[in-house]
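Visitor: model this:
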Amino acid sequence: MDGYKKLENQPLKFVLAEFRFSPVMQIAEYIPKIQEALRKQYPIEKTQSEQTVQVQPGGIAVSTVNRWAFISADKKSAIEINQERLVYITAEYPRFDGFSAACKQAIETLVDIVEPSLILRIGLRYSDLITIDDGEEITELVNEHFGLPSCIESLGVARQHSTDTFLRTDMGGLAIRTLYGKHNLSCLPDVQGLPISISADATPSERIILDFDHYWEAKDEAASFKTNDVIERLATLHETSREAFWKVTTDYARNQKWA
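Guide: The predicted structure follows:
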């Protein structure tokens, strides 16, 4: 056993894995086959367009990029694809093995149909929402570093306190971001437009969002897009992300509140 037990009442809101590959400019031609391969598990399809801006020697170039989302019937899991990345997102996280298997299935579909040449970046993001109940202190649940600094506590009631920490890891980089205060957000503002359904609260309450974003980048090395290699790198990213959550949260939170 690895010593990390499953938390039955885990505060996790969603998990996202991103796989960036060498651009496939004609990706739209492959979408019908991808949809056919995924439609039984992800029957809801949505297409969106977004503009990208590139600074070039001759000026600024604005282009439109389409992305396609294939969403499960319960809207708790989805696969997003555009010309240079595949993203798997879920609000229903079993343990990592189950999550990894779903990622592998999506990647195998991409490889079988599109055959991307290179893997450029792999990212793994966990977002947790921790609510502080009446009678509880934030320091009972997370390390005191992520709460309101004690030197200014006497000045007023904390409405918002955020932290943004970046660590260089053996795999690449780990960003740990938090948002503490009295608010009704379920996750950080930059991910409000996810294709899956994430439960929201209408009434503000004392809470802290923990966001762990760990990534690997190919940089100057040319890494072929091989499914097993990609999944192995994802597993290594997970190990550090899991350890980070264990270090940020308290024994009481894990062994009692979320057990």
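Visitor: what's the average pLDDT for stretch 189-209?
Guide: For stretch 189-209, mean pLDDT rounds to 91.
Visitor: and for stretch 28-47?
Guide: Across stretch 28-47, the per-residue pLDDT values average to 98.
Visitor: quick check: end-to-end length of that stretch?
Guide: Stretch 28-47 has an end-to-end distance of 11 Å (CA to CA, to the nearest Å).
Visitor: next one: stretch 250-259
Guide: 12 Å.
Visitor: who's in contact with residue 254?
Guide: Residue 254 makes contact with 5, 7, 246, according to CB atoms under 8 Å, 6 or more residues apart in numbering. For every residue, glycine as well, the C-beta is placed using N, CA and C.
Visitor: got a markdown table for the residues you listed, with distance to residue 204 and neighbour count too?
Guide: Listed next are those as a markdown table, based on distance: CB to CB, whole Å; neighbours: other CB atoms under 10 Å:
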| residue | distance to residue 204 | neighbour count |
| --- | --- | --- |
| 5 | 32 | 10 |
| 7 | 25 | 16 |
| 246 | 28 | 13 |
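Visitor: helix/strand/coil for residue 115?
Guide: The three-state label for residue 115, taken from DSSP: H, G, I helix; E, B strand; the rest coil, comes out as coil.
Visitor: count the residues that sit near it.
Guide: Residues lying near residue 115 (other CB atoms under 10 Å) number 11.
Visitor: could you count how many residues lie near the spatially closest residue to residue 139 that is not a sequence neighbour?
Guide: Spatial nearest neighbour of residue 139, excluding adjacent residues (CB to CB, 6 or more residues apart in numbering): residue 147 at 5.8 Å. Residue 147 has 20 neighbours, counted by other CB under 10 Å.
Visitor: thinking residue 147 is in contact with residue 180, fair?
Guide: Yes. The pair residue 147 / residue 180 is scored as a contact, 6.2 Å apart, by CB atoms under 8 Å.
Visitor: overlap in contacts of these two?
Guide: With CB under 8 Å, 6+ apart, residue 147 and residue 180 have common neighbours 138, 161, 208.
Visitor: can I get those in JSON lines with distance to residue 125, secondary structure and neighbour count?
Guide: Output for these, formatted as JSON lines (distance: CB to CB, whole Å; DSSP: H, G, I helix; E, B strand; the rest coil; neighbours: other CB atoms under 10 Å):
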{"residue": "138", "distance to residue 125": "23", "secondary structure": "helix", "neighbour count": "19"}
{"residue": "161", "distance to residue 125": "21", "secondary structure": "strand", "neighbour count": "16"}
{"residue": "208", "distance to residue 125": "17", "secondary structure": "strand", "neighbour count": "24"}
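Visitor: specify which member of those residues is nearest to residue 19.
Guide: residue 208 (29.2 Å; CB to CB).
Visitor: gap between the closest residue to that closest one other than its chain neighbours and residue 86?
Guide: Spatially, and ignoring its direct neighbours in sequence, residue 208 is nearest to residue 180 (4.1 Å; CB to CB, 6+ apart). Residue 180 sits 33 Å away from residue 86, taking CB to CB, to the nearest Å as the criterion.
Visitor: element containing residue 240, please.
Guide: For residue 240, the element it lies in under DSSP states H and E is helix 227-248.
Visitor: ok now the next helix or strand along the chain from that helix, how far from the chain's centre?
Guide: Per DSSP H and E, the first helix or strand lying C-terminal to helix 227-248 is helix 251-252. Centroid separation for helix 251-252 versus its chain: 25 Å, with CA atoms, centre = their mean, to the nearest Å.
Visitor: which helices and strands sit right next to helix 251-252?
Guide: Contacts defined by 3 or more CB pairs under 8 Å, 6 or more residues apart in numbering; DSSP states H and E place helix 251-252 against no helix or strand at all.
Visitor: contacts for that helix, please.
Guide: 140-141.
Visitor: do that again at 6 Å, thanks
Guide: Contacts with helix 251-252, where a contact means CB atoms under 6 Å, 6 or more residues apart in numbering, come from residue 140.
Visitor: equivalent analysis for stretch 64-80, please.
Guide: Stretch 64-80 is contacted by residues 31, 38, 42-52, 81-82, 87-92, 106, 195-197 when judged by CB under 6 Å, 6+ apart.
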